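J.: below is the sequence, then the predicted model.
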Amino acid sequence: MTNVGVVFLVVYFLLLVLLHLLRNSGHVRSVLLNTRHSMRQTADDIVVISVAMLVGFLVTRTGTLSQMTAQLYSGVIPGWFALTVTPLLMTRASFVGIHPVITSTTLLAVFSGGGAAVHPALLMQAHLVGWAAGTISSVASLSVITCANLYQVPSWQFAFGPNLWTAILFALGSGGLLSLANVFVR
């Protein structure tokens, strides 16, 4: 997305919020309090994502991951491998509480830029699938915590029960479908 696109989105959503507040002036205090509360709750996530993006940028610029990968595998990594491993490793790392942005930064740095015989859009989709599958069964996931509270079930039981196998099958199945799509777009 270009800088103009980002500015447009920020301005557009700001205008939508202002329009809502003008039309519903009784909600201004509630919206401001919720916003302040949410910003305090998500500060840790923003720091993790920012640091991971910075580390990913630096690592891809130095070529360190490419050099490490070259020691394990010389040549171009098969697309099916990249598309299957990306969501699966992101999901498995989420099981032990590692944020998906950490594993995705590493995997995208290894597999993108010619590191794997994969279409970039499909690799990004594999990353998104890994993120989604990881949130299905991570004790640190906001969706798991919310559902555990709603159903009054311990979050570990919710995450490592049927959700565990659902997440693994979702990651593997989606990786397989993306690998099949890669055959037709490469």
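T.: Cool, the structure landed.
J.: every contact and neighbour count from this point should use C-alpha atoms.
T.: Fine.
J.: who's in contact with the spatially most central residue of the chain?
T.: Geometric centre of the chain, nearest residue: W131, 3.8 Å, by Cα atoms, centre = their mean. Listed by Cα atoms under 8 Å, 6 or more residues apart in numbering, the contact set of W131 reads P87, M90, T91, P100, V101.
J.: how about it, phi and psi?
T.: phi -60, psi -50 (degrees, to the nearest 10).
J.: how much space separates it from T146?
T.: Going from W131 to T146 by Cα to Cα, to the nearest Å gives 17 Å.
J.: buried sites along stretch 121-137?
T.: In terms of neighbour count (16 or more other Cα atoms under 10 Å), stretch 121-137 has its buried residues at 122-137.
J.: actually stretch 76-91, not the one I typed
T.: So for stretch 76-91, counting by 16+ other Cα under 10 Å, buried means 77, 79-91.
J.: what does stretch 150-160 give?
T.: So, applying 16+ other Cα under 10 Å, buried residues of stretch 150-160: S155, F158, A159, F160.
J.: and for stretch 20-33?
T.: Of the residues in stretch 20-33, none is buried (16+ other Cα under 10 Å).
J.: got the end-to-end distance for that stretch?
T.: Where stretch 20-33 begins and where it ends lie 16 Å apart, using Cα to Cα.
J.: the helices in the protein, which residues?
T.: 3-23, 28-62, 64-72, 79-95, 100-111, 120-136, 142-151, 155-160, 162-185 (DSSP state H).
J.: now stretch 144-154: mean pLDDT?
T.: Across stretch 144-154, pLDDT averages out at 81.
J.: got a list of contacts for that stretch?
T.: Against stretch 144-154 from outside (Cα under 8 Å, 6+ apart): T135, I136, S137, S138, V139, S155, F158, A159.
J.: surely the fourth one touches G97?
T.: Yes. With contact defined as Cα atoms under 8 Å, S138 counts as touching G97 (6.2 Å).
J.: these two: which is more packed in?
T.: Comparing S138 with G97 by neighbour count (other Cα atoms under 10 Å), the higher total belongs to S138, at 29 against 16.
J.: quick one, what contacts the more buried one?
T.: S94, F95, V96, G97, V144, A159.
J.: ranking helices and strands of the chain by mean pLDDT, which lands last?
T.: helix 64-72 (a mean of 67; mean pLDDT, DSSP states H and E).
J.: how far away is P87 from G130?
T.: Distance from P87 to G130, by Cα to Cα: 4 Å.
J.: sorry, that was for S138
T.: Counting by Cα to Cα, the gap from S138 to G130 is 12 Å.
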